[in-house]
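> Sequence and predicted structure below; questions after.
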Amino acid sequence: MNGLFTPRAAHVPAARHQYVFDAAAEPALVVEPGATIVIETLDCFSNRLGAGAPTLRDENDILDYIGGRYNPVNAPIFVEGAEPGDRLAVDIVDIALGRRERYAVTHVAHDWAAGFGGAAFADAAAPVLTIAEIEGESVHLRIGGTTRICRAQPMIGTIGTAPAGRALSSLLYGAGHGGNLDCPHVRPGATMLLPVNVLGGLLSLGDVHALMGEGELTGTALETSADVTVRIRLERHPDRPLPAPRISDGEGLGVLGCVSRTSLEDNVAAAMHDLVMLLRDEIGIASAEALQLVNLFGRIVVNQAVGSGAERWLSVLARMSWADLELFAPQAAAMRP
């Protein structure tokens, strides 16, 4: 032996899942900061929508078939020492796709298609179920009678901590806890920064995608099961609570605009404001300069543009590249992951 010992990562089995972010939920694991954990996930249909599924015309048909609930996440992980006002830094180490079943699936119901393009469009386009075999990092995707092999782009659709108040559905998102963000940058190599609202933080995640276009226009991506490896660190900032989830990777850093049930414009404004505040408060750039940098170099990713009225998901990511930021603020290099 070489004298080095790497402890085996702790596991949360797929059987330990729930459909809420809930401060009262029993933790699946209690870990120290710095722990590496493998979380076994189911797809958003709880791995019940496969090749043998009948024609499912609308959302009620789908819910009846899969057991009445969407979007399982793991029973939460309690991080020792985490207190309200702190932050969990979740390093996404790896996403191994197709671990429960070797396929990824997306379904467009008639009512979802009608909401997108009207009744005539829905009659021509839906319902449709697409199933793609997964082989390692490849997806065998059949569309229009033709199968092509595509490189998978694994991402975590839902990740968050428990809210301090009532339990919230894992289908929802919010600036105070994260949730169903469907941000394509939540991928291996990225670090998610999430607010701690209750003792232990209570981290849950799920809803892994093998592929998703920005906006997730139909409401589902190419959904799959996965083994997600994360490392959880604890950051203490009792004097500066995190206003919204943040994400950083080798390319840049950003803030999620994810105020639940508001407009796309409001979420863009919220994310851009929080990005300016990040530059000011965490990097030390004066307010006027921070505003100009975001104005000139900021980029917006529309994570979700799904639904209408009260039933809508309209989250965004406001983002800046390290190259642009460090050109004017070299001290920002200290924040690189």
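In hand now; what should we look at? As the structure is a prediction and not an experimental result, all values here were calculated from the model.
> how far does the helix ranked longest in the chain sit from the chain's center?
The single longest helix within the chain, with elements called by DSSP state H, is helix 264-278. How far helix 264-278 lies from its chain's middle: 18 Å, per CA atoms, centre = their mean, to the nearest Å.
> what mean pLDDT does it have?
Confidence for helix 264-278, expressed as mean pLDDT, is 95.
> Next SSE downstream of it?
helix 287-297 (DSSP states H and E).
> Restricting to C-alpha, output whichever helix or strand comes after that next one in CSV.
Next in sequence after helix 287-297, counting helices and strands by DSSP H and E, comes strand 299-302. What follows is strand 299-302, C-alpha atoms only, in CSV (Å, rounded to 0.1, in the frame of the first residue of the first chain):
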residue,chain,number,x,y,z
ARG,A,299,-25.6,36.6,-20.3
ILE,A,300,-29.0,35.1,-19.7
VAL,A,301,-29.8,31.4,-20.1
VAL,A,302,-33.6,30.7,-20.1
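> Show me what the longest helix of the chain is packed against.
Applying 3 or more CB pairs under 8 Å, 6 or more residues apart in numbering; DSSP states H and E, one finds that helix 264-278 contacts strand 252-257, helix 287-297, strand 299-302, strand 316-321. In short, each C-beta sits where N, CA and C put it, glycine included.
> One more pass at 6 Å, please.
Other elements packing on helix 264-278 under the criterion 3 or more CB pairs under 6 Å, 6 or more residues apart in numbering; DSSP states H and E are strand 252-257, helix 287-297, strand 316-321.
> Show me the shaky parts of the stretch 1-150 of the chain.
Applying pLDDT under 70 to the stretch 1-150 of the chain picks out residues 1-8.
> quick one, strands of it?
In the stretch 1-150 of the chain, the strands defined using DSSP state E, counting those that start in this stretch lie at 10-12, 17-18, 20-21, 29-31, 35-41, 73-74, 77-79, 87-97, 103-108, 128-135, 138-143, 146-151.
> Can you check which of those strands gets nearest to residue 319?
strand 87-97 (16.3 Å; CB to CB).
> buried stuff in that closest one?
Of all the residues in strand 87-97, those buried under the rule 16 or more other CB atoms under 10 Å are 87, 88, 89, 90, 91, 92, 95, 96, 97.
> Give me whichever of the helices and strands packed on helix 264-278 is most buried.
Most buried of those by mean neighbour count (mean count of other CB atoms under 10 Å) is strand 252-257; its value is a mean of 27.
> Run through who's touching that one.
Applying CB atoms under 6 Å, 6 or more residues apart in numbering, the contact partners of strand 252-257 are 181, 244-247, 267-268, 270-271, 274-275, 316-322.
> Also stretch 203-211?
With contact meaning CB under 6 Å, 6+ apart, stretch 203-211 is reached by 41, 44, 71-74, 76-77, 88, 97, 104, 139, 152-153, 155-159, 161, 221-222, 224, 226.
> Buried ones among these?
The neighbour count (16+ other CB under 10 Å) marks 41, 44, 71-74, 76-77, 88, 97, 104, 139, 152-153, 155-159, 161, 221-222, 224, 226 as buried among these.
> Quick one: low-confidence residue ranges for the stretch 151-300 of the chain.
For the stretch 151-300 of the chain, the ranges with pLDDT under 70 are 238.
> just to revisit the earlier point, between the longest helix of the chain and strand 316-321, how many degrees?
Inter-element angle recorded for helix 264-278 and strand 316-321: 40 degrees (by axes from the mean of the first three to the mean of the last three CA atoms, to 10 degrees).
> buried stuff in helix 264-278?
264, 267-278.
> Please convert those to CSV, extending it with distance to residue 230.
Shown next, in CSV, are the buried residues of helix 264-278 (distance: CB to CB, whole Å):
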residue, distance to residue 230
264, 29
267, 26
268, 28
269, 31
270, 26
271, 23
272, 28
273, 28
274, 23
275, 24
276, 29
277, 26
278, 22
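> domain ranges for the chain?
Following automatic domain parsing, the chain resolves into domains at 1-174+195-238, 243-337.
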